[in-house]
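Asker: Give me the fold of what follows.
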Amino acid sequence: MSGMTWIFVAVGLAMAGLSVLGFLSARVFVAARGLGLEIDRARQRLAPFSGEFSGERSDEQRVAIGANREGRG
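Answerer: Have a look, this model is predicted:
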């Protein structure tokens, strides 16, 4: 093969490799966007219950567990 043929083959292989990388990176971006949407949906579903897990208790709950107003038992 002549010298120019090797250059064309090398450039063709490089372009094929870049197109594969571009396709796979597009799939990663689509999956990341889907994951972000799923996380937002889960956050919205859990938002009404966030006060239950944040450590905030009403006076009645403190009395029920035997703690004073400062949260110390």
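
Asker: Show me where this protein has its helices.
Answerer: Applying DSSP state H to the chain gives helices spanning 3-46, 50-53, 59-65.

Asker: So, low pLDDT: which residues of this protein?
Answerer: Applying pLDDT under 70 to the chain picks out residues 1, 51-73.

Asker: Turn the helices of the chain into JSON lines, including mean neighbour count.
Answerer: (Glycine included, C-beta is placed from N, CA and C.) What follows is the helices of the chain, written out as JSON lines (neighbours: other C-beta atoms under 10 Å):
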{"stretch": "helix 3-46", "mean neighbour count": "10"}
{"stretch": "helix 50-53", "mean neighbour count": "10"}
{"stretch": "helix 59-65", "mean neighbour count": "10"}
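
Asker: Residue 30 and residue 19: what is the separation?
Answerer: As for residue 30, its distance to residue 19 is 17 Å (criterion: C-beta to C-beta, to the nearest Å).

Asker: repeat for residue 49
Answerer: Plainly put, residue 49 is 47 Å away from residue 19 if you go by C-beta to C-beta.

Asker: Distance-wise, check residue 7 relative to residue 20.
Answerer: 21 Å.

Asker: Residue 12 too?
Answerer: Residue 12 is 13 Å from residue 20, where distance means C-beta to C-beta.

Asker: for residue 48, same thing?
Answerer: 45 Å.

Asker: Please apply the same query to residue 3.
Answerer: Going from residue 3 to residue 20 by C-beta to C-beta gives 27 Å.
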